[in-house]
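>>> fold the following.
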Amino acid sequence: MVARVVTVAFDGVEARRVDVEVQQVATPAGAFAIVGLPDKAVAESRERVRGAFAGIGLALPPKKVIANLAPADLPKEGSHFDLPIALALLASMGVIAPDALDGWAAVGELGLDGQIAAVGGTLPAAMAAGAMGLGLICPEANGPEAAWAGDTAILAPRSLIGLINHFRGTQILRAPEPGPVTAGGAIPDLREVKGQESAKRALEIAAAGGHNLLFIGPPGSGKSMMAQRLPGLLPPLTPQELLETSMVWSVAGLIQRGALTRDRPFRAPHHSASMAALTGGGLRAKPGEASLAHNGVLFLDELPEYSAQALDSLRQPLETGEIVVARANAHVRYPARFQLVAAMNPCRCGLGGAGRGACGKAPRCQRDYQNRISGPMFDRIDLTVETPPVTAADMALPAPAEGTAEAAARVATARAQQEERVRVAGFDPEKARDQGINARASGETLDRFAAPDEAGRALLMRAGEAGGLTARGWTRTLRLARTIADLDGSTGVLRRHVAEALMYRRATVGAQGDFERQTAGRSEAPAF
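Residues are numbered from 1 along each chain as shown. Down below sits the predicted model:
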């Protein structure tokens, strides 16, 4: 007799159906084989299953056991195959009725004492089971997480013996309740930042439109301090964004006891992070920092200190919103629609080319330092802002009158205007969601809502003719001008909005070429 149990294999954050088939054959007695393209963790399941059976007082049948994971050409990774293999084997042995497993999928890792240990990816597994019309059996620790899958029936046993007793009718397992929706940690207030008014303005623009942002300034000028206050300006995750983000975190094994949060992710990897750490991959493909920042913020401090390979690996997801990890036998996709915020010193010594304690090697030191970042990477940054040193006079001033709450209210108003535009335009829900934030607007959305007035268009034309804008820069300038107009409460994009957007783009152009002019702190108007 062949006993079958449904489980899943993870392809990025997608859970794909796998049928576990277990059969007993005559010889050689006591052998246990797992086939179907398993990795080492799956192949070791036979020993964990053997040990778990011994832990609850059962012995393997005196025959050869074959466990087939179908489809055989789909790679299988992870320890969550332990429980479905054990359940199929129990059904083939007659310990539980084979039809008792009809209508269920299972994931879970077994301990040698028969306990069922937590695994990653329970939420997408529960979503996939529900889509197949099945319930999900998962570890007790993962029950509150799986319960977020809506109407999907969930069983969350603590041990294998408890699950056997449930199916034999001697014990009843209660369905778990969804975990709590928690508030994140306390977010520092923007009121604590003294001085840097232009940088705080740029931070508000970036939050309102979801734009990428780069701070350039000497050490101690408040670059990291301002970046850490960005989450307080952003609106909470929508229900759909919460589900998407939670599925990524579930696959990474970062959801504890089913607790979710509507705060947007804020990831700040160290500059020694490798390309695989940023984009995902490895021997067992896992989401990287860019995917863990999906629908949130990825903060890269000391930007030039990251390896060129790691930085350039972010260029594609900044455009497409997803990461594709190419492997020999598969392509793994992870969502990665994040907002990039970065900070850097003007040169290696950090002092720049002007002011007290200026770098003695300027401008060569500055040029060499900024050349660690590729031009195409700079071109994907919408706002580049100087943060000059904070003076003693700035520090002596009282706290600013406006803080995070006031700025967040303006950001919320601007975002509501963006969502209302695409709603009135009659876009389908998927397109409306994609185009409902200025940093993602393209095509028809830009033509209808971001076209500047005649004076603004003339200014933009002069900037393009002067060689200061690429085609991508032109589009990003329009998006940025639209956000500035939203914060201004203007229905149209005017010349002053385009001029301010070009000022931020001008700094980016300066970073690629005349870097020393930018860091000298000059404030002359752009020569467009």
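
>>> okay, now the unreliable bits of the stretch 301-450 of the chain?
For the stretch 301-450 of the chain, applying pLDDT under 70 flags the ranges 328-329, 352-358.

>>> show me the helices in it, by range?
Ranges of helices in the stretch 301-450 of the chain, per DSSP state H, counting those that start in this stretch, are 308-312, 315-320, 364-370, 375-379, 392-396, 404-425, 429-435, 444-449.

>>> who wins for proximity to Asp19 among the ones you listed?
Evaluated over the helices of the stretch 301-450 of the chain, closeness to Asp19 peaks at helix 429-435, with 31.6 Å, by C-beta to C-beta. Backbone N, C-alpha and C define where each C-beta goes, glycine included.

>>> could you give me the buried positions within that closest one?
Ala432, Arg433, Asp434, Gln435 (16 or more other C-beta atoms under 10 Å).

>>> ok, Leu303 touching Leu340?
No - counting by C-beta atoms under 8 Å, Leu303 sits too far from Leu340 to count as a contact (9.7 Å).

>>> ramachandran angles for Pro38?
Torsion angles at Pro38 (phi, psi; degrees, to the nearest 10) stand at phi -80, psi 150.

>>> so what's it bridging to?
In this entry, Pro38 is beta-bridged to Lys76, by DSSP bridges.

>>> what's the neighbour count on it?
20 (other C-beta atoms under 10 Å).

>>> before we move on, what about Asp428?
Neighbour count of Asp428, defined by other C-beta under 10 Å: 8.

>>> can you give me the distance of it to Glu244?
In this view, Asp428 and Glu244 are 18 Å apart by C-beta to C-beta, to the nearest Å.

>>> for the spatially closest residue to Ala290 that is not a sequence neighbour, grab phi and psi.
Nearest residue to Ala290 in three dimensions, chain neighbours excluded: Ala336, at 4.4 Å (C-beta to C-beta, 6 or more residues apart in numbering). For Ala336, the backbone dihedrals are phi -160, psi 60 (criterion: degrees, to the nearest 10).

>>> pLDDT weak spots in the chain?
Ranges of the chain meeting pLDDT under 70: 282-283, 328-329, 352-358, 468, 506-528.

>>> list the neighbouring strands of the longest strand belonging to the chain plus their orientation.
The single longest strand within the chain, with elements called by DSSP state E, is strand 14-25. Here strand 14-25 has these sheet partners by DSSP bridges: strand 2-11 (antiparallel), strand 64-70 (antiparallel).

>>> would JSON lines of these with distance to Arg440 and mean neighbour count be doable?
As requested, those are exported to JSON lines (distance: least, C-beta to C-beta, whole Å; neighbours: other C-beta atoms under 10 Å):
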{"stretch": "strand 2-11", "distance to Arg440": "25", "mean neighbour count": "22"}
{"stretch": "strand 64-70", "distance to Arg440": "39", "mean neighbour count": "20"}
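
>>> if we can go back for a sec, mind listing what's buried along the longest strand of the chain?
In strand 14-25, counting by 16+ other C-beta under 10 Å, buried: Glu14, Ala15, Arg17, Val18, Asp19, Val20, Glu21, Val22, Gln23, Gln24.

>>> chain center to it, what's the gap?
Taking C-alpha atoms, centre = their mean, to the nearest Å, one finds strand 14-25 lying 30 Å from the centre of the chain it belongs to.

>>> host element of the closest residue in space to Thr152 that isn't next to it in sequence?
Distances taken as C-beta to C-beta, 6+ apart place Gly130 nearest to Thr152, at 3.6 Å, with adjacent residues excluded. In the assignment (DSSP states H and E), Gly130 maps to helix 122-131.

>>> could you check the angle strand 2-11 makes with that helix?
130 degrees (axes from the mean of the first three to the mean of the last three C-alpha atoms, to 10 degrees).

>>> what's helix 122-131 in contact with?
6-8, 10, 13-17, 80, 104-105, 107, 135-136, 138-139, 142, 145-152, 154, 246-247, 250-251, 255 (C-beta atoms under 8 Å, 6 or more residues apart in numbering).

>>> show me what contacts Leu163?
Residues in contact with Leu163 (C-beta under 8 Å, 6+ apart) are Leu87, Ile116, Ile137, Leu155, Pro157, Leu173.

>>> same check on Val49?
Phe32, Asp82, Ile85, Ala86, Leu89, Leu110.

>>> in space, what's closest to the first one - neighbours in sequence excluded?
Translated: Phe32. That would be Arg46: by C-beta to C-beta, 6+ apart, it lies 4.3 Å from Phe32.

>>> and that neighbour, how close does it get to Cys138?
Arg46 is 21 Å from Cys138, where distance means C-beta to C-beta.

>>> of the contacts of Leu163, closest to Gln309?
Nearest member of the contacts of Leu163 to Gln309, counting by C-beta to C-beta, is Ile116, at 40.5 Å.

>>> how far does the one helix or strand the closest one maps to sit from its chain's centre?
Here Ile116, judged by DSSP H and E, is contained in strand 116-117. Distance, stretch centre to chain centre, for strand 116-117: 27 Å (C-alpha atoms, centre = their mean).

>>> rewinding a little: any chance of the strands paired with strand 14-25 in TSV, with distance to Val390 too?
What follows is the strands paired with strand 14-25, written out as TSV (distance: least, C-beta to C-beta, whole Å):
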stretch	distance to Val390
strand 2-11	47
strand 64-70	60
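
>>> quick one, which of these gets closest to Thr182.
When these are compared by C-beta to C-beta, strand 2-11 sits nearest Thr182, at 25.2 Å.

>>> distance check, the closest residue to Trp148 other than its chain neighbours against Ala146.
Nearest non-adjacent residue to Trp148, counting by C-beta to C-beta, 6+ apart: Pro178, 5.0 Å away. According to C-beta to C-beta, Pro178 and Ala146 sit 9 Å apart.

>>> out of the two, which sits in the busier spot?
Using other C-beta under 10 Å as the criterion, Pro178 and Ala146 rank with Ala146 on top: 32 against 17.

>>> work out for me the element that one sits within.
In the assignment (DSSP H and E), Ala146 maps to helix 143-146.

>>> can you tell me which helices and strands that helix packs against?
In terms of contacts (3 or more C-beta pairs under 8 Å, 6 or more residues apart in numbering; DSSP states H and E), helix 143-146 is packed against helix 122-131.

>>> next helix or strand past the host helix or strand of Phe167?
Using DSSP H and E, Phe167 sits in helix 160-168. Using DSSP H and E, the helix or strand that directly follows helix 160-168 along the chain is strand 181-182.

>>> list the buried residues of the following helix or strand past that next one.
Sequence order places helix 197-209 as the next helix or strand after strand 181-182, per DSSP H and E. Buried residues in helix 197-209, counted by 16+ other C-beta under 10 Å: Ala199, Lys200, Arg201, Ala202, Leu203, Glu204, Ile205, Ala206, Ala207, Ala208, Gly209.

>>> sounds good, over and out.
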